[in-house]
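J.: A structural model of the following input is requested.
(2 chains)
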Number of protein chains: 2
Amino acid sequence: MSAIMKNSAKLRDEERARLIWLLTTDKAITSVLLGKLTLAEQYDESTLIDDLAEVSALVAHLPGPDLADVLEALPSDERHALWNVVEDDKRGKVLLEASENVWDDLIDDMSDRALLDALQTLDIDEQIYLVQHLPRDLTGRLLATLPPSERARVRQVMNYAHDRVGSIMEFEVITVRPEVTLATVQRYLRRLGKMPENTDKLFVTRRDMTLVGELELTTILLSPAQSTVEAVMESEPVAFHPEEESEKVARTFERDNLVSAAVIDQQGKLMGRLTIDEIVDVVYEETDSDLRRMGGLSAEEDVFAPVTKAVKTRWAWLAINLCTAFIASRVIDGFEHTISQLVALASLMPIVAGIGGNTGNQTITMIVRALALQQIQPGNFSFLILREMGVALINGLVWGGIMGCVTWLLYSDPHLGAVMTLAMVLNLLVAALMGVLIPMIMVKFGRDPAVGSSVMITAITDTGGFFIFLGLATIFLL
Amino acid sequence: MSAIMKNSAKLRDEERARLIWLLTTDKAITSVLLGKLTLAEQYDESTLIDDLAEVSALVAHLPGPDLADVLEALPSDERHALWNVVEDDKRGKVLLEASENVWDDLIDDMSDRALLDALQTLDIDEQIYLVQHLPRDLTGRLLATLPPSERARVRQVMNYAHDRVGSIMEFEVITVRPEVTLATVQRYLRRLGKMPENTDKLFVTRRDMTLVGELELTTILLSPAQSTVEAVMESEPVAFHPEEESEKVARTFERDNLVSAAVIDQQGKLMGRLTIDEIVDVVYEETDSDLRRMGGLSAEEDVFAPVTKAVKTRWAWLAINLCTAFIASRVIDGFEHTISQLVALASLMPIVAGIGGNTGNQTITMIVRALALQQIQPGNFSFLILREMGVALINGLVWGGIMGCVTWLLYSDPHLGAVMTLAMVLNLLVAALMGVLIPMIMVKFGRDPAVGSSVMITAITDTGGFFIFLGLATIFLL
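T.: Residues are numbered from 1 along each chain as shown, chains lettered A, B, ... in the order given. Predicted coordinates:
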């Protein structure tokens, strides 16, 4: 029991929190670890020695992936301080699980030699992954350390874009021939002595590497030892091509409850495999980046990046937003005469614009999600538009009606109330229509529908709302 | 090769799209399948017969999870039509992978008997899952069909909330004793004849079910047959408790690359196990619901729900939004005198409010995400506030400065330009501060930070922006 608790995920949650707390609350720890301060210069030396010992103990006890998470949660100085305490033989694993932001931050200070040393503790698939993604190009130097057969593989995988299956596939696979018996397979496995992580199946190939089936480990364990592989294998395995999109493949993994799957080339020859741990990373990354993009954040910014970097990564969206707000402002300016005659319009117009923005964003969120789930097809597109317009019409009549009455009561002007209602209905219809069309058009042109949709719809509903409301007011009230 | 292509994920993608297309473009298919129309009444009978045959063939060929995805992508009528064609023995699997929206829609028409029949094709863990989540309470009737030993289990699992490990754990586990040899284990497995899906390890327990270790299938295959389980097992397995939150456990699965893990009670006794396929579902659901909540959508609405349902699920957010817009409108109304003296203010004020909303939403998106990743700890909180305020100050000075100059040029009024700059700086600071504080305070009070944060920040930056800008204008320009 105590053995189990020692490795409990909950305990590790607490240890990670404790490590973050120690490093962020006591600046002296960071200073000492970065060599900016010696212990002797410290006033409260004994506490500091205790704290430093605890930091070391925690770092020694926590596995690489946990340390990667801690690094994500630290400002830059504290990150470097912690990195100095991480043992050399753990650094590879930590880098493997860390994000781009941590790499950017830490790797500047490391020599090429130190970085290659960290890589050497990893297996070949992990090395390839890091070399592809690290901000510094070490490919040449890493290649030089590899045997020629592996060098060819590395070059091959580096040709695939980072959102394709090819860039996350693993080369370490165990293959067996269809004609051998399970007893032979088991002898072969014992001789190998180890299997790659997340091996739930072996791949059955002909001599020329053509994939003919899959042999699950459970099948080996459950079937009679004298059966041939051919007789018990799955002969219609799900296989992927290296050019397929990782995000789509992730949906298939989810749908079919896969743990691993073969990657084959156009001739049906086995190239490598995909495993669920890479797929889970893809899922987290996909949804994470959707969330950030919809919020107008770039993929590169992390919550602990320094101020200057945050300013740099956010300025583009701000500038776009400012431009669209400026356009809306010019529309209002065009109705200066109307407003000067009826100042109440100035206080009512943000309601029309705001409610349109809200509805438009609801619609867009739903469409972007449905697109990601491949739920929208040419056949159901018109249904979707009509449905959103229907929802907008009902909401417009109900809420626009209420708002119209409130306006009438507030300003004792039934005409102003009617203009309010009509403007809200029209702007909600615009919002619904554009909320469906904008992401669909972006997909049509091969763009990511999550990027900027929200900014665009807000621009349209703001400008449109002001124009509709002030325009109707000019026609009917002056 | 052809065998592989037959089961390729790509082909199934195409088949799903084709099925959706057939059902949504030819209304006659749906009418015939729903029994509203007989074939003889149809003008273009022969095409229809072909189409119906194709629909049947596609339904017969596609696996349950794929059909579930197709159902998600159909309006209600077409859903029912398709459901009528799904064979009885596949219906359980389809329901298992479908979402709440599909259940709501389809199950109304099914008799309890038909529903129980569909459940009978599933294994006990799947039955429990569905009975817990289906909109209709069939627990009593399902329990009556179960042997008494399983009845107790079902009652136990139903006590856990749906976001806890207990509600997604599976009971079907294979356990072995620590003292037996691997040869015995393998004989035992052959006698069992099958293993639950996603079995990558067996659980090692004492006679009283206390978990003492895990035995990976790869270990059985790689180690000498005469070794005892105890000698080769992992004696510090990661185990979870049924009360733990599924979303947190999912992070641990990702961090540790787990395929399955034990669930134990407070005494360390094995209760069941968690598998990666449930975890992948948790991840998709978590991120999906974050995205929807931030966008002001309820979790229940799907993209093909009928108009009335969509109106019902969205009205609350619209009402809240309308209230906040109304408050902002009252703030403006308070400055009616100022605006009537200087109408330019009416066209400039949306810029101040809009840019604040944009910045506030960027900040909130980042904080919500960091909270989900457990990156924010008491220690780094003040760093975070200062960082966001710093970013806001720089952006305010730069963009506010530019906007101030533009205003000066447009209206030939340097004082108006200065008020514009100052208002933008102040509103951006408010946005940054509240963007950090709102989600943190919601977490403090045990609320989900994603729900409504975006609406709140927009309310504050709108009202705040109008108040700051018009207030400054009243002080300095009149």
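J.: Helices of the stretch 51-200 of chain A, residue ranges please.
T.: A:64-72, A:76-85, A:88-97, A:100-107, A:112-120, A:124-133, A:139-145, A:148-157, A:165-168, A:182-192 (DSSP state H, counting those that start in this stretch).
J.: Mind putting the ones you listed into a markdown table with distance to chain B, mean neighbour count and mean pLDDT?
T.: To be clear about C-beta, it is placed using only N, CA and C from the backbone, and glycine gets the same treatment. Shown next, in a markdown table, are those (distance: least, Cβ to the nearest Cβ, whole Å; neighbours: other Cβ atoms under 10 Å in any protein chain shown; pLDDT from 0 to 100):
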| stretch | distance to chain B | mean neighbour count | mean pLDDT |
| --- | --- | --- | --- |
| helix A:64-72 | 4 | 23 | 90 |
| helix A:76-85 | 8 | 20 | 90 |
| helix A:88-97 | 7 | 19 | 88 |
| helix A:100-107 | 11 | 19 | 82 |
| helix A:112-120 | 19 | 16 | 82 |
| helix A:124-133 | 12 | 19 | 79 |
| helix A:139-145 | 23 | 14 | 77 |
| helix A:148-157 | 20 | 14 | 76 |
| helix A:165-168 | 11 | 22 | 88 |
| helix A:182-192 | 5 | 16 | 93 |
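J.: so how far is A:Thr359 from A:Leu393?
T.: 11 Å (Cβ to Cβ, to the nearest Å).
J.: residues touching A:Val307, list them.
T.: With contacts defined as Cβ atoms under 8 Å, 6 or more residues apart in numbering or on different chains, the neighbours of A:Val307 are B:Arg387, B:Gly390, B:Val391, B:Ile394.
J.: sorry, back to before: would CSV of the helices of the stretch 51-200 of chain A with distance to A:Glu247 be doable?
T.: Below are the helices of the stretch 51-200 of chain A laid out as CSV (distance: least, Cβ to Cβ, whole Å):
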stretch, distance to A:Glu247
helix A:64-72, 22
helix A:76-85, 30
helix A:88-97, 20
helix A:100-107, 18
helix A:112-120, 28
helix A:124-133, 17
helix A:139-145, 26
helix A:148-157, 19
helix A:165-168, 10
helix A:182-192, 33
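J.: Looking at the ones you listed, which is nearest to B:Asp51?
T.: Among the helices of the stretch 51-200 of chain A, helix A:165-168 comes nearest to B:Asp51, with 34.1 Å by Cβ to Cβ.
J.: For the closest one, enumerate the helices and strands it packs against.
T.: Contact partners of helix A:165-168 among helices and strands, from 3 or more Cβ pairs under 8 Å, 6 or more residues apart in numbering or on different chains; DSSP states H and E: helix A:246-256, helix A:276-294.
J.: can you count the residues close to A:Asp109?
T.: 10 (other Cβ atoms under 10 Å in any protein chain shown).
J.: Give me the pLDDT for it.
T.: pLDDT for A:Asp109: 78.
J.: Grab the nearest non-local neighbour of A:Val391.
T.: Excluding the flanking residues, the one nearest A:Val391 by Cβ to Cβ, 6 or more residues apart in numbering or on different chains is B:Ala310, at 4.6 Å.
J.: returning to that earlier point: comparing the helices and strands packed on helix A:165-168, which gets the lowest mean pLDDT score?
T.: Minimum mean pLDDT among the helices and strands packed on helix A:165-168: helix A:276-294, a mean of 80.
J.: So, low pLDDT: which residues of chain A?
T.: Scanning chain A for pLDDT under 70 picks out the ranges A:1-8, A:40-43, A:291, A:294-301.
J.: Report the angle between the helix or strand that contains A:Asn361 and helix A:246-256.
T.: With secondary structure defined by DSSP states H and E, A:Asn361 is part of helix A:344-372. Orientation note: helix A:344-372 sits at an angle of 70 degrees relative to helix A:246-256 (axes from the mean of the first three to the mean of the last three Cα atoms, to 10 degrees).
J.: What values do phi and psi take at the closest residue to chain B within the stretch 1-150 of chain A?
T.: Minimum separation of the stretch 1-150 of chain A from chain B (Cβ to the nearest Cβ) falls at A:Thr24, amounting to 3.2 Å. Main-chain torsions, A:Thr24, degrees, to the nearest 10: phi -90, psi -20.
J.: Look at it and say how many residues are nearby.
T.: Applying other Cβ under 10 Å, we find 22 residues neighbouring A:Thr24.
J.: does the nearest residue to it once chain neighbours are set aside count as helix, strand or coil?
T.: Nearest non-adjacent residue to A:Thr24, counting by Cβ to Cβ, 6+ apart: B:Gly379, 3.2 Å away. Assigned with DSSP: H, G, I helix; E, B strand; the rest coil, B:Gly379 falls in the helix class.
J.: Distance check, B:Gly379 against A:Glu78.
T.: Per Cβ to Cβ, B:Gly379 is found 9 Å from A:Glu78.
J.: How about A:Ile402?
T.: Taken as Cβ to Cβ, the span from A:Ile402 to A:Glu78 is 52 Å.
J.: How about A:Gly334?
T.: With Cβ to Cβ as the criterion, A:Gly334 and A:Glu78 are 53 Å apart.
J.: quick one: contacts for the residue nearest to A:Thr24?
T.: Going by Cβ under 8 Å, 6+ apart, B:Gly379 touches A:Ile20, A:Trp21, A:Leu22, A:Leu23, A:Thr24, A:Thr25.
J.: so the third one sits in a helix?
T.: The reference is to A:Leu22. Yes. With three-state DSSP as the criterion, A:Leu22 is part of a helix.
J.: That one touches A:Leu33, doesn't it?
T.: No. Counting by Cβ atoms under 8 Å, A:Leu33 is not a contact partner of A:Leu22; they are 10.9 Å apart.
J.: Give me the common contacts of those two.
T.: A:Val55.
J.: how deep is A:Met271 tucked in, by neighbour count?
T.: Using other Cβ under 10 Å as the criterion, the residues surrounding A:Met271 number 22.
J.: a helix runs through A:Asp208, doesn't it?
T.: No. Read with three-state DSSP, A:Asp208 is coil and lies in no helix.
J.: what about it, distance to A:Glu150?
T.: 21 Å.
J.: quick one on the thing from earlier: closest one of the contacts of A:Val307 to A:Phe171?
T.: Nearest member of the contacts of A:Val307 to A:Phe171, counting by Cβ to Cβ, is B:Arg387, at 41.3 Å.
J.: Contacts only, for the closest one.
T.: Residues near B:Arg387 by Cβ under 8 Å, 6+ apart: A:Pro75, A:Phe304, A:Pro306, A:Val307, A:Ala310.
J.: who's in contact with A:Phe326?
T.: B:Ile351, B:Met403, B:Val406.
J.: And it, how far from B:Leu342?
T.: 19 Å.
J.: circling back: out of the contacts of A:Phe326, give me the one that has the most neighbours.
T.: The most crowded member of the contacts of A:Phe326, judged by other Cβ under 10 Å, is B:Ile351 (28 neighbours).
J.: Would you agree that residue is in contact with A:Ala325?
T.: Yes. With contact defined as Cβ under 8 Å, B:Ile351 reaches A:Ala325; the gap is 4.4 Å.
J.: how much space is there between the residue positioned nearest the centre of chain A and A:Ser329?
T.: With distances taken as Cα atoms, centre = their mean, A:Glu285 lies nearest the centre of chain A, 2.2 Å away. A:Glu285 sits 38 Å away from A:Ser329, going by Cβ to Cβ.
J.: What of A:Ile107?
T.: For A:Ile107, the distance to A:Ser329 - Cβ to Cβ - is 45 Å.
J.: next one: A:Met440
T.: 29 Å.
J.: Same question for A:Leu478.
T.: For A:Leu478, the distance to A:Ser329 - Cβ to Cβ - is 21 Å.
J.: So between these two, which is more surrounded?
T.: Applying other Cβ under 10 Å to A:Leu478 and A:Ser329 shows that A:Ser329 carries more neighbours, namely 25 against 9.
J.: Quick check: closest non-adjacent residue to that one.
T.: What sits nearest to A:Ser329 in space, not counting adjacent residues and going by Cβ to Cβ, 6+ apart, is B:Ser347, at 4.8 Å.
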